[in-house]
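[1] Next come a sequence and a model predicted from it.
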Amino acid sequence: MTVNGVEAATVGDRFECPVTITEVEQDITAVYEGAYGHQEHTVRVVWDRYSKPRYRFSIDDNSFWLRDVAQSGYDSLFDCFYLDILRKLNTEYGAKFTLNIYFSTADGFELTEFPDRYKSEFENNADWMVLAFHARANDPDRLYQYAAAETLMDDLHRVEEQVLRFAGEATLAPPTVIHWGMVQPAALPALYEHGVRVLSGFFGMREWGSDVNYMLDPVRSENVFSHEALKDFRTGLLFSRVDIVCNNTPVEQVESVLQPLYENPRQAEVMDLFTHEQYFWPFYTRYIPDHGQRLDAAIKWVTERGYEPVSFHEGFMGGQEPG
């Protein structure tokens, strides 16, 4: 057994061999020659040459704060309590947030109704708070799972047109989470061409198979789930596993969720933190009174361990490009 031409050692029931990575993208090929003939297997790896511990924070399903600001006519965006919570987390920890937004809410509010008088305030805070497309609306569920790529991209363009109008170019970020994390494979090249580089999901197994995984096959889904991320070399997209969902994680459980990842070298380098906007609002049926404290606990935990806040749309998963 050789790996890239180097003899591999037998260790128990495994073969082991050190391989020097010298290229940003490099093939590793294991070759067997013996009683069973010739067999080989190749994997391609990406060298995150300038990697550093980093975290990103993404919030899904944003729509209520947009409606609230538009209808309340606040003097400042941060008179909205939800945005004020995020600003305080930025002030305390330097946290950055990607807010994944809808075009409309169930009661008929649409982004076209959002005023442009806050544009300069958005632009002044775009170094830590950006807006990205998430979906046309919350319902129906999984609206892009079987939709044509054209449908997804049309909805994306509608949202981005409005963000540019009322928040400016600096505030607009490429999507990193599509609603429900399920799209047709044909949509992936279109997303990459539009500037998308990373898509986050869950990639775990459910009774019916892998889910919230952008329709990746089970083998690749398992790889994302058990590692930091995976690159689809066909499309150029990176897929990242969400590490914690704060609306599902009480404050006292934050450490028990993140600590095993921190101790696992395959998962420790990049923390993908996540939650949903609606749980902040008292009128929501599943309102969580301490939702802000959950975000604080997660961000404080990674900050105390040296993780730096990043945005996935900048560089290589928020880090310096390795090439």
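    All right, it came through fine. Numbers count the residues shown, from 1 in each chain.
[2] The spatially closest residue to Arg305 that is not a sequence neighbour and His134, how far apart?
    In this structure, Arg305 finds its nearest non-sequential neighbour in Tyr262, 6.5 Å apart by Cβ to Cβ, 6 or more residues apart in numbering. To be clear about C-beta, it is placed using only N, CA and C from the backbone, and glycine gets the same treatment. For Tyr262, the distance to His134 (Cβ to Cβ, to the nearest Å) stands at 28 Å.
[3] Same question for Ser63.
    The value you get for Ser63 to His134, if Cβ to Cβ is used, is 9 Å.
[4] May I have the residues that are in contact with Ala190?
    Listed by Cβ atoms under 8 Å, 6 or more residues apart in numbering, the contact set of Ala190 reads Ala149, Leu152, Met153.
[5] where's it, which helix or strand?
    Following DSSP states H and E, one finds Ala190 within helix 187-193.
[6] go on, Ile101?
    Ile101 belongs to strand 97-102 when assigned by DSSP H and E.
[7] buried sites along the following helix or strand past that strand?
    Using DSSP H and E, the helix or strand that follows strand 97-102 towards the C-terminus is helix 119-124. By neighbour count on 16 or more other Cβ atoms under 10 Å, the buried set for helix 119-124 is Glu121, Phe122.
[8] mind checking how far helix 119-124 is from the chain centre?
    24 Å (Cα atoms, centre = their mean, to the nearest Å).
[9] what residue lies at the spatial centre of this structure?
    Nearest to the geometric centre of the chain sits Ser200, at 3.5 Å (Cα atoms, centre = their mean).
[10] Point out where this protein drops to low pLDDT.
    Across the chain, not a single residue meets the criterion (pLDDT under 70).
[11] biggest helix in it, by residue count?
    helix 149-167 (DSSP state H).
[12] Give me the contacts around it.
    Residues from elsewhere that reach helix 149-167, judged by Cβ under 8 Å, 6+ apart: 101-103, 111-112, 114-116, 118-119, 122-123, 126, 131, 133-136, 144, 171-172, 175, 178, 183-184, 186-187, 190-191, 194.
[13] Which residue ranges make up each domain of this structure?
    2-46, 54-309 (automatic domain parsing).
[14] Would you mind finding the most buried of those?
    Using mean count of other Cβ atoms under 10 Å, the stretch among those with the largest mean neighbour count is domain 54-309, at a mean of 18.
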